[in-house]
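K.L.:
following is a predicted model, sequence given first.
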2 protein chains.
Amino acid sequence: MLREPRQERSRTTRRRLIDAAVECLAELGWHGTTMSVVAERAGVSRGAAQHHFPTREDLVVAAVGYLGDEQIEELRERAAALPAGPSRALPVARMLLDLYTGEKFRAALHLWVAASTDAALRAVLVPLQAKVGREAHRVAVELLGADESQAGVRETVQATLDLARGLGLANLLADDTARRQQITSQWAKMLEPVVG
Amino acid sequence: MLREPRQERSRTTRRRLIDAAVECLAELGWHGTTMSVVAERAGVSRGAAQHHFPTREDLVVAAVGYLGDEQIEELRERAAALPAGPSRALPVARMLLDLYTGEKFRAALHLWVAASTDAALRAVLVPLQAKVGREAHRVAVELLGADESQAGVRETVQATLDLARGLGLANLLADDTARRQQITSQWAKMLEPVVG
């Protein structure tokens, strides 16, 4: 049998639409991310696209869920490649503070900013954002070997992720890598006494 | 003489256009911030608006400069109201980490995100953003009484402002005040050994 089974094909189409949506968001922003543009980029007919995602909001919900899952997956993969040993603060800090410097963050940022002036989009994004944020927090705790029963540890992990998003913002319009690396070294030192 | 002198009047008009532009950006985003919308909100004719700001980019340059100056001014005012004494870490941390939670950050964020897909806007924004960032850094150093000749201090001050921007992002779609306050308490503790 040379043809993909129907279910498989459907999953592939869905995934291509999501990938195309993320690319469009990062490159063109929310206003440029119409169903027609996404369908064309995915090489899918407008009708097939609408079969999978009746509205642009449906597509966005799927894309944000996918972005969140990918982020966690990426973190886990990179974590598995970390050296064993007591001082993981620097490599983990680097991993976490580089987290929001790529295309996926840019795509998410376009959505957040669009949602700030669009109540319908906000209604779907806020709960999703909370879920993705909780997941990222859980993985960060794990990677840092942090004991959240100790006072201040939970807030330090939160600050790490909020700092990472701030650094993502600073990297949006120009390459901020050199400055970010210096901040990361210092951040790792500040993390040492707080996390295990 | 009841009429405003002409120069004064011109300055008032300019200022009204800038205020209207900031409001429009925060409420409607970059796409909604056209010269006509801004002029109407400012109660200024389209022609008069274009006399002051020939293009939307010119208006944005003025608005970002204004946003930066206002931010520094606000910081200085709040700093003057701080209690004297050795431990300024908590009140200063609160001041800095609340910095990007209002309408002005929302307006700036719309611009940054629009600039990420608009080369002309990016060309005017990047140098301005760098200038405003340097100013904020200088004031933060002053407020914290930080000695940047000590290793790591400069990066810690930078991290404080990047964290503040990340917290601004976290406050964009929903009120994040309670969580931010807890992070701020912890952040102040982490600042103590680093800054003077």
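P.N.:
Thanks, I have it.

K.L.:
does A:Lys104 touch A:Leu67 like I think?
P.N.:
Yes. Using C-beta atoms under 8 Å, A:Lys104 is in contact with A:Leu67, at 5.1 Å. C-betas here are computed from N, CA, C, even on glycine.

K.L.:
and for those two, which residues touch both?
P.N.:
Taking C-beta atoms under 8 Å, 6 or more residues apart in numbering or on different chains as the criterion, A:Lys104 and A:Leu67 both touch A:Val22.

K.L.:
who are the contact partners of A:Leu28?
P.N.:
A:37, B:117.

K.L.:
find me the pLDDT at it, would you?
P.N.:
At A:Leu28, the pLDDT value in this model is 88.

K.L.:
phi first, then psi, for it.
P.N.:
With angles defined as degrees, to the nearest 10, A:Leu28 sits at phi -110, psi -10.

K.L.:
next: A:Thr117.
P.N.:
The phi/psi pair for A:Thr117 (degrees, to the nearest 10) reads phi -120, psi 20.

K.L.:
measure it to B:Ser149 for me?
P.N.:
Distance, A:Thr117 to B:Ser149, by C-beta to C-beta, to the nearest Å: 44 Å.

K.L.:
ok, those two, which is more surrounded?
P.N.:
The residue with more neighbours, out of A:Thr117 and B:Ser149, is A:Thr117; 19 against 7, by other C-beta atoms under 10 Å in any protein chain shown.

K.L.:
just for chain A, where's the confidence low?
P.N.:
Applying pLDDT under 70 to chain A picks out residues A:1-4, A:85-86, A:194-196.

K.L.:
from it, which residue is nearest to chain B?
P.N.:
Of all residues in chain A, A:Gly166 sits closest to chain B, at 3.2 Å by C-beta to the nearest C-beta.

K.L.:
which residues does the nearest residue to that residue once chain neighbours are set aside contact?
P.N.:
Once flanking residues are discounted, A:Gly166 sits nearest to B:Gly166: 3.2 Å by C-beta to C-beta, 6 or more residues apart in numbering or on different chains. Residues in contact with B:Gly166 (C-beta under 8 Å, 6+ apart) are A:161-169.

K.L.:
if we use 10 Å, what do you get?
P.N.:
With contact set as C-beta atoms under 10 Å, 6 or more residues apart in numbering or on different chains, B:Gly166 has these partners: A:100, A:158-170, B:97, B:100, B:183.

K.L.:
what's the helix or strand for it?
P.N.:
Secondary structure assignment for B:Gly166, by DSSP states H and E: helix B:153-170.

K.L.:
how near is A:Pro54 to A:Cys24?
P.N.:
Taking C-beta to C-beta as the measure, A:Pro54 falls 18 Å from A:Cys24.

K.L.:
could you do A:Arg122 as well?
P.N.:
From A:Arg122 to A:Cys24 the distance is 20 Å (C-beta to C-beta).

K.L.:
the two: who's more crowded?
P.N.:
Neighbour count, other C-beta under 10 Å: between A:Arg122 and A:Cys24, A:Cys24 has more, with 23 against 18.

K.L.:
nearest spatial neighbour of the more buried one, skipping sequence neighbours?
P.N.:
In space, and not counting its chain neighbours, A:Cys24 is closest to A:Thr33: 4.3 Å by C-beta to C-beta, 6+ apart.

K.L.:
I figured A:Glu70 was touching A:Phe105, is that so?
P.N.:
No. Counting by C-beta atoms under 10 Å, A:Glu70 stays clear of A:Phe105, with 11.4 Å between them.
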